[in-house]
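# predicted model and sequence below, questions to follow.
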Amino acid sequence: RRLDVNRLTLSQLRNHPYINFYQAKAFVEYRKKKGDLHSLKPFALYEEFSDTDLEKISHYVCFE
């Protein structure tokens, strides 16, 4: 089951084994500032996410 990163809370995102607290916080803060997410590309510039992290996470998230 994929996680809708546009709808879940910080604690719900944090419960996923591949998403740590700082990454979940980055998703939530991005949504507050810029609205809904449409891809993980903006997070390639964040220090909380490595390329490997984004690759792993990409299989488990959706942007509905």
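Yep, it's here.
# list the contacts of residue 9.
Contact analysis of residue 9 by Cβ atoms under 8 Å, 6 or more residues apart in numbering lists residue 28. C-beta here means a position set from N, CA and C on the backbone, and glycine is covered the same way.
# okay, it: pLDDT?
Residue 9 carries a pLDDT value of 97.
# residues in contact with the residue sitting nearest the centre point of the chain?
By Cα atoms, centre = their mean, the mean C-alpha position of the chain lies nearest to residue 27, the distance being 4.6 Å. Applying Cβ under 8 Å, 6+ apart, we find residue 27 in contact with 5, 13, 19, 37, 43.
# now with 6 Å, please.
Counting by Cβ atoms under 6 Å, 6 or more residues apart in numbering, residue 27 touches 5, 13.
# now do residue 61
The contact partners of residue 61, by Cβ under 6 Å, 6+ apart, come to 2, 3, 5.
# longest helix in this protein, please.
In the chain, assigned by DSSP state H, the helix with the most residues is helix 21-34.
# centre of the chain to stretch 43-57, how far?
When distances are taken as Cα atoms, centre = their mean, to the nearest Å, stretch 43-57 is centred 9 Å away from the chain's centroid.
# enumerate the positions of it that are buried.
43, 46, 49, 53, 54, 57 (16 or more other Cβ atoms under 10 Å).
# can I get it in PDB, CA atoms only?
C-alpha atoms of stretch 43-57 as PDB (Å, rounded to 0.1, in the frame of the first residue of the first chain):
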ATOM      1  CA  PHE A  43      13.800  16.800  -2.000                       C
ATOM      2  CA  ALA A  44      17.000  15.900  -4.000                       C
ATOM      3  CA  LEU A  45      18.300  19.200  -2.700                       C
ATOM      4  CA  TYR A  46      17.500  18.600   0.900                       C
ATOM      5  CA  GLU A  47      20.300  17.300   3.200                       C
ATOM      6  CA  GLU A  48      17.800  14.900   4.900                       C
ATOM      7  CA  PHE A  49      17.500  12.900   1.700                       C
ATOM      8  CA  SER A  50      20.300  11.000  -0.100                       C
ATOM      9  CA  ASP A  51      19.700   9.600  -3.600                       C
ATOM     10  CA  THR A  52      19.400   6.200  -2.100                       C
ATOM     11  CA  ASP A  53      16.700   7.400   0.300                       C
ATOM     12  CA  LEU A  54      14.700   8.900  -2.500                       C
ATOM     13  CA  GLU A  55      15.000   5.800  -4.600                       C
ATOM     14  CA  LYS A  56      13.800   3.600  -1.700                       C
ATOM     15  CA  ILE A  57      11.000   5.900  -0.700                       C
END
